[in-house]
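1. My questions are about this predicted structure, shown below with the sequence.
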Amino acid sequence: GAVRTGVVSAVGEAVGQAMAAGGAACVFGDAGRGKTVALRMALSGPPVGWGVSWVRVPVRASVSELRRAVFEALVLPGRFPHRSAEADERIAGALEGARVLVVDEAQRLPVPCLEYLQSLWDHPHVQMALVLCGAGSERAVARVPQLASRVCAWQEVGRLAAGEVAAVVSAFHPLWAGVGGGEVAWIDESCTHGVFRTWAALTAHLQNALLTVPDATVDRALLRGLFRRLSPPA
């Protein structure tokens, strides 16, 4: 199960505030901090009656592309309507049923797309909590005052605290479950520095090494070799 680390709890609280208020939460912080993973953990067991939909933001999205992405995220039956008004009515209808709409990489969205998300609240009976996530998403949202005014929780995700690294990485992948806390602390100090994305990359390299090198054991010699693969050339 998910470990309720400080970050996951804080992100869960922010989403809970948005759900209670029928507003929005903005989850931001530098790239590689584990924002999306924390959100997925926090939303892994939503309250009874609430659904969760993840919107895949197209690169350089237009309003029509975002509208289609929201329609697909809600898994609405039938074909995507040709008329935007019909599509919006069907989207609004789906949002009447207590739904968390998660928009990851929200910083990619231009102002008209953010205004479109804000406009979904204008439909009667919509019961939506909007979660905007991404590195720089807080700056994007600030460009749309009407949307920013609906944000009831701004949650920054920083580096993993030293005391919670072992719990987070062992929850992330069973490879780390058998590695002692002292070794995890050494790895974090030597290489990963509390950056979740670096931990994820190291996990992938370690998995590969254990699969391809006969009788490989997780020791400092092996790990030092993997650290070099994660460091840019001098």
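-> Noted; the coordinates are in hand.
2. and residue 120, which of the three is it?
-> helix (DSSP: H, G, I helix; E, B strand; the rest coil).
3. which residue sits closest to the residue nearest the centre of the chain, ignoring its sequence neighbours?
-> In the chain, the residue lying closest to the centroid (C-alpha atoms, centre = their mean) is residue 36, at 1.8 Å. The shortest distance from residue 36 to any non-neighbouring residue, by C-beta to C-beta, 6 or more residues apart in numbering, is to residue 104 (5.7 Å). C-betas here are computed from N, CA, C, even on glycine.
4. Count the neighbours of the one you found for me.
-> Residue 104: 20 surrounding residues under other C-beta atoms under 10 Å.
5. can you tell me how far it sits from residue 135?
-> According to C-beta to C-beta, to the nearest Å, residue 104 stands 11 Å off from residue 135.
6. Residue 187 too?
-> Relative to residue 135, and taking C-beta to C-beta, residue 187 is found at 24 Å.
7. Count residues in the vicinity of residue 31, would you?
-> So residue 31, with other C-beta under 10 Å, has 11 neighbours.
8. For the protein, name the helix or strand with the lowest mean pLDDT.
-> Lowest by mean pLDDT, DSSP states H and E among the helices and strands of the chain is helix 165-172, with a mean of 79.
9. What is the subsequent helix or strand relative to it?
-> helix 181-187 (DSSP states H and E).
10. So for the helix or strand following that next one, what gets flagged as buried?
-> Downstream of helix 181-187, the first helix or strand assigned by DSSP H and E is helix 196-212. Residues of helix 196-212 classed as buried by neighbour count (16 or more other C-beta atoms under 10 Å): 196, 198, 199, 200, 201, 202, 203, 205, 206, 209.
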